[in-house]
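> Next one to model:
(chains A and B)
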Amino acid sequence: MADMMRNYRSGGFNPRAIAVNEMRPDNDARPQMQSCQKLKRKLQTVDFAIIETVLYLDAYPNCRAALDYYHKLVAERESLANAINEKCGPICHRGNKSRTEWNWVDGPWPWELDANS
Amino acid sequence: MWIYEKKLEYPVKIKNPNPKLAQVIISQLGGPDGEIGASMRYLHQRYSSPYGEVTGILTDVGTEELAHLEMVAAIIHQLTRNLTEDEVKGTPFATYFVDHTTGVYPVAASGVPFDMKYVGVKGDIITDLNEDLAADAAIV
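Prediction:
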């Protein structure tokens, strides 16, 4: 509820105000070239933007600007998540790419300090 | 249904354990205004919502509150990392430590375990949304 109130109070949807990723261009932006830590941080950022956009769309399902922004974010998310699954281990239980190892049970788990440094 | 993603919604990086702080923050997990209450409230109210938009919001916010409760649990876990009995002795955390050591158990700072009595679900969407305003306003 607090999230929805925040969106409403900010006066509607402005994708330009949220284009954080565009404000910091990466010289070597291809997901395959970045470290696991960087990739995961990026995923956290994009996923958060998606959550906020989804909550906005729940309240304003007819907002075309929000829906376009949503699709842009989701496409970016897909490529990030795939790169993480390939390179760093599964982010979700159906993302275990290895046919010889079950990496899903590998640490560190998200609440451990090592997973957040 | 729910899928779990192996990441926190936002990073939690606590370098120095602090049992005194853990004793306060535990309420955000298992207290009356904590994240377990929030997720249970929204996720259960959605079954009687007659409007798709509201059902969507209750589902998505309720799910996000589960992500929040994981972050609060991560904070408690890192604040109490490797603490020994001697280190908690004399702190307000000592009582919690008796029953849970450095495990993460959903209680309020008072020691009362999480209680579903903190949550209201009346089957009428306007009533339920009023409950939500009351609950979230406690935080705002």
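> For the rest of this, base every contact and every neighbour count on C-alpha atoms.
Fine.
> Now do the buried residues in the helix or strand where residue A:40 lies.
Under the criterion of DSSP states H and E, residue A:40 resides in helix A:36-59. The neighbour-count check on helix A:36-59 (16 or more other Cα atoms under 10 Å in any protein chain shown) flags A:36, A:39-47, A:49-59 as buried.
> centre of the chain versus it, how much separation?
In terms of Cα atoms, centre = their mean, to the nearest Å, the gap separating the centre of helix A:36-59 from the centre of its chain is 4 Å.
> and after that helix, which helix or strand comes next?
helix A:64-88.
> Residues contacting that next one, please?
Helix A:64-88 is contacted by residues A:13, A:15, A:31-32, A:36, A:39-40, A:42-43, A:46-47, A:49-50, A:53-54, A:56-57, A:90-91, A:95-97 when judged by Cα atoms under 8 Å, 6 or more residues apart in numbering or on different chains.
> filter the residues you listed down to the ones close to chain B.
Among those, the ones lying near chain B by Cα under 8 Å from any Cα of the partner chain are A:40, A:47, A:54, A:90, A:91.
> Mind putting the residues you listed into JSON lines with distance to residue B:111 and pLDDT?
Converted to JSON lines, these look like this (distance: Cα to Cα, whole Å; pLDDT from 0 to 100):
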{"residue": "A:40", "distance to residue B:111": "36", "pLDDT": "96"}
{"residue": "A:47", "distance to residue B:111": "35", "pLDDT": "98"}
{"residue": "A:54", "distance to residue B:111": "36", "pLDDT": "98"}
{"residue": "A:90", "distance to residue B:111": "37", "pLDDT": "97"}
{"residue": "A:91", "distance to residue B:111": "35", "pLDDT": "97"}
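> Reformat these into a markdown table and put distance to residue A:109 next to each item.
Converted to a markdown table, the ones next to chain B among the contacts of helix A:64-88 look like this (distance: Cα to Cα, whole Å):
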| residue | distance to residue A:109 |
| --- | --- |
| A:40 | 13 |
| A:47 | 18 |
| A:54 | 26 |
| A:90 | 12 |
| A:91 | 11 |
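> What is the nearest of these to chain B?
Of all the ones next to chain B among the contacts of helix A:64-88, the one with the least separation from chain B (Cα to the nearest Cα) is residue A:91, at 5.0 Å.
> OK, contacts around the closest residue in space to the closest one that isn't next to it in sequence?
Of all residues not flanking residue A:91 in the chain, residue B:6 sits nearest, at 5.0 Å (Cα to Cα, 6 or more residues apart in numbering or on different chains). Listed by Cα under 8 Å, 6+ apart, the contact partners of residue B:6 are A:90, A:91, A:92, A:109, A:110.
> Buried ones among those?
The neighbour-count criterion (16+ other Cα under 10 Å) marks A:90, A:91, A:109, A:110 among the contacts of residue B:6 as buried.
> how close does the second one sit to residue B:63?
If you measure residue A:91 against residue B:63 using Cα to Cα, to the nearest Å, the figure is 17 Å.
> Ok, the first one next?
Separation of residue A:90 from residue B:63 (Cα to Cα): 21 Å.
> I am finished for the moment; much appreciated.
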